[in-house]
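>>> Kindly return the folded structure for what I paste below:
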Amino acid sequence: MELLLLSNSTNFGSTPWAHAREIARPLVEGRTVVFVPYALADHDAYTASIAEAFAPMGADVVGLHTHDDRAAALASAEAVYVGGGNTWRLLKTLQDGGLLAPLRERVLAGMPYLGASAGTNLACPTIRTTNDMPIVEPAGFAALGLIGFQINPHYQDPPAGSRHMGETRETRIREFHEENDIPVLGIREGGWLRVSGDSTELGGATARLFRAGEDPVELSPGPVRI
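Now for the predicted structure:
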């Protein structure tokens, strides 16, 4: 498999994909990228913005929603990018269209898969570690299962001296591990995970790895084993 999974597509004060452009370029350059815009409501505007962001990488972008036969579009795609937004809406739309299985088959066959935020959640076994509100109700939580662990994009550490009494991100992940045994990788802003065959590399930022019943482990950019 060839995966590039971003915590976020845009860093503060920068342009979309600027922080991951060079790692993404070999996956998309000279290719037509099928963009899955379903995490946001305005598919046309979202696709136009992604086409602009991918142009410097030498890629053409076409929205999946513009195809009459969307399963066939995935089956013939050269690369796929699944954008961020609301993970619940993204999953439900793909479920309703019967598109999860054909997308997974193409990725397992070697087609590059790029995801950011909700698109990164979709690569996990389930969407149970998303930060998003369930604005729609999917048929289940199972996602593509391209990797054997969960990711929590936009992972945030509690600010020093904060008086906020609500749950921290770490608290919520610990609650997840009270009911689930699968590892969770919290990727901070600007971070990405590059999976190529059996190798996995963390880049762009540090991350925090959570396992049930263990203390979290800080991971630095470089090869990682999860």
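>>> can you pull out the helices in the chain?
With helices called from DSSP state H, the chain shows them at 21-28, 43-54, 70-75, 87-96, 100-108, 118-122, 169-179.
>>> of all those, which lies closest to residue 151?
Using C-beta to C-beta as the measure, helix 118-122 is the one of the helices of the chain that comes nearest residue 151, at 5.4 Å. C-beta here means a position set from N, CA and C on the backbone, and glycine is covered the same way.
>>> would you put the C-alpha positions of that closest one in CSV?
Extracted C-alpha coordinates of helix 118-122, given in CSV (Å, rounded to 0.1, in the frame of the first residue of the first chain):
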residue,chain,number,x,y,z
ALA,A,118,-11.6,13.0,8.1
GLY,A,119,-9.8,11.2,5.2
THR,A,120,-7.2,10.0,7.7
ASN,A,121,-9.9,8.7,10.0
LEU,A,122,-11.4,6.8,7.1
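>>> Remind me what it packs against, helices and strands.
strand 2-6, strand 79-82, helix 87-96 (3 or more C-beta pairs under 8 Å, 6 or more residues apart in numbering; DSSP states H and E).
>>> can I get the ones you listed in TSV with distance to residue 210, mean pLDDT and mean neighbour count?
Converted to TSV, the helices and strands packed on helix 118-122 look like this (distance: least, C-beta to C-beta, whole Å; pLDDT from 0 to 100; neighbours: other C-beta atoms under 10 Å):
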stretch	distance to residue 210	mean pLDDT	mean neighbour count
strand 2-6	17	98	24
strand 79-82	24	98	26
helix 87-96	19	98	22
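>>> Need these in TSV (columns: distance to residue 69).
Listed next are the helices and strands packed on helix 118-122 as TSV, based on distance: least, C-beta to C-beta, whole Å:
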stretch	distance to residue 69
strand 2-6	25
strand 79-82	16
helix 87-96	15
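>>> For residue 44, which of those is the nearest?
Comparing the helices and strands packed on helix 118-122 by C-beta to C-beta, helix 87-96 comes nearest, at 15.1 Å.
>>> Tell me who's in contact with residue 88.
127, 130, 132-138 (C-beta atoms under 8 Å, 6 or more residues apart in numbering).
>>> Show me how to select, in PyMOL, the buried members of the residues you listed.
In PyMOL, this line selects whichever of the contacts of residue 88 come out buried by 16 or more other C-beta atoms under 10 Å:
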select buried, resi 127+130+132+138
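>>> hmm, back to that, figure out which of the helices of the chain is closest to residue 194.
Among the helices of the chain, helix 21-28 sits nearest to residue 194 (C-beta to C-beta), with 6.0 Å.
>>> Run through this protein and note the low-pLDDT ranges.
Filtered on pLDDT under 70, the chain yields the residue ranges 165-166.
>>> for residue 62, which residues make a bridge with it?
residue 34 (DSSP bridges).
>>> In this structure it contacts residue 34, no?
Yes - using C-beta atoms under 8 Å, residue 62 is in contact with residue 34, at 6.0 Å.
>>> picking up where we left off before, quick one: which of the helices and strands packed on helix 118-122 is nearest residue 68?
Short answer: helix 87-96, nearest of those by C-beta to C-beta, at 16.1 Å.
>>> how deep is residue 142 tucked in, by neighbour count?
15 (other C-beta atoms under 10 Å).
>>> likewise residue 30?
So residue 30, with other C-beta under 10 Å, has 11 neighbours.
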